[in-house]
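K.L.:
Quick one: sequence plus predicted model below, questions after.
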Amino acid sequence: MILYHSSFLEIVKPDIVHSRPNVDFGRGFYTTPIREQAEKWCGRFTRRGKEGIISRYNFDQSCCNELKVLKFDSYSEDWLNFILICRSGNDTSDYDIVTGGVANDKVFNTVELYFDGLINKIEAINRLRYERPNMQFCFRTEAALEKLNFEGSERI
């Protein structure tokens, strides 16, 4: 499987040290199998006057048998609960890789409405079901990062 990472730098050797806390699936190195999504993510760098660079990796999914993987196949109550735990800084799980949908701006607005008690969990899930499909892979441990093989990069 080919995965893409958006940055303003080419990332030959991914690490977790430079990751931000309190994001969708916790600290980690985020990638997507959807090239168009990676191109869109580059916009956050180009809008700041930096270059947008997409690094490309080969990921052999058969290694998932030896790693602890959490996979969300859809926006669900479990997905929402995990996002809320991670975004609030309370994640204590030990997953090597977490995959699932992205909490983009529209999704995050729904999450904020839920956090603020303005909608209930069922309403939040119903709103999330209408989102355009997207996907992210969060590599959260060194063992997981070792499974990514850098193949090259390009400027956007």
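P.N.:
That came through fine.
K.L.:
So V111 sits against A103, correct?
P.N.:
Yes - look at V111 against A103 with Cβ atoms under 8 Å: they come within range, at 6.0 Å. Where you see a C-beta, it was placed from the backbone N, CA and C, and this is true even at glycine.
K.L.:
Which one's more surrounded, the two?
P.N.:
A103 (25 against 20; other Cβ atoms under 10 Å).
K.L.:
in a helix, that's where the more buried one is, yeah?
P.N.:
No - counting by DSSP: H, G, I helix; E, B strand; the rest coil, one finds A103 to be coil, located in no helix.
K.L.:
let's have the chain start at 16 instead
P.N.:
Shifting the count to begin at 16 puts that one at A118.
K.L.:
What are the boundaries of the strands in this protein?
P.N.:
Using DSSP state E, the strands of the chain run over residues 17-22, 44-46, 68-74, 84-86, 112-115, 151-154, 163-170.
K.L.:
for the last one, which positions count as buried?
P.N.:
If you call a residue buried by 16 or more other Cβ atoms under 10 Å, then strand 163-170 has these buried ones: 163, 168.
K.L.:
Summarise which helices and strands it is packed against.
P.N.:
Using 3 or more Cβ pairs under 8 Å, 6 or more residues apart in numbering; DSSP states H and E as the contact test, the elements touching strand 163-170 are strand 68-74.
K.L.:
In this protein, where is pLDDT below threshold?
P.N.:
Scanning the chain for pLDDT under 70 picks out the ranges 119-120, 144-148.
K.L.:
residue farthest from the centroid of it?
P.N.:
Note on the chain: the largest C-alpha distance from the chain mean falls to L133, namely 25.9 Å (Cα atoms, centre = their mean).
K.L.:
That concludes my questions; thank you for your assistance.
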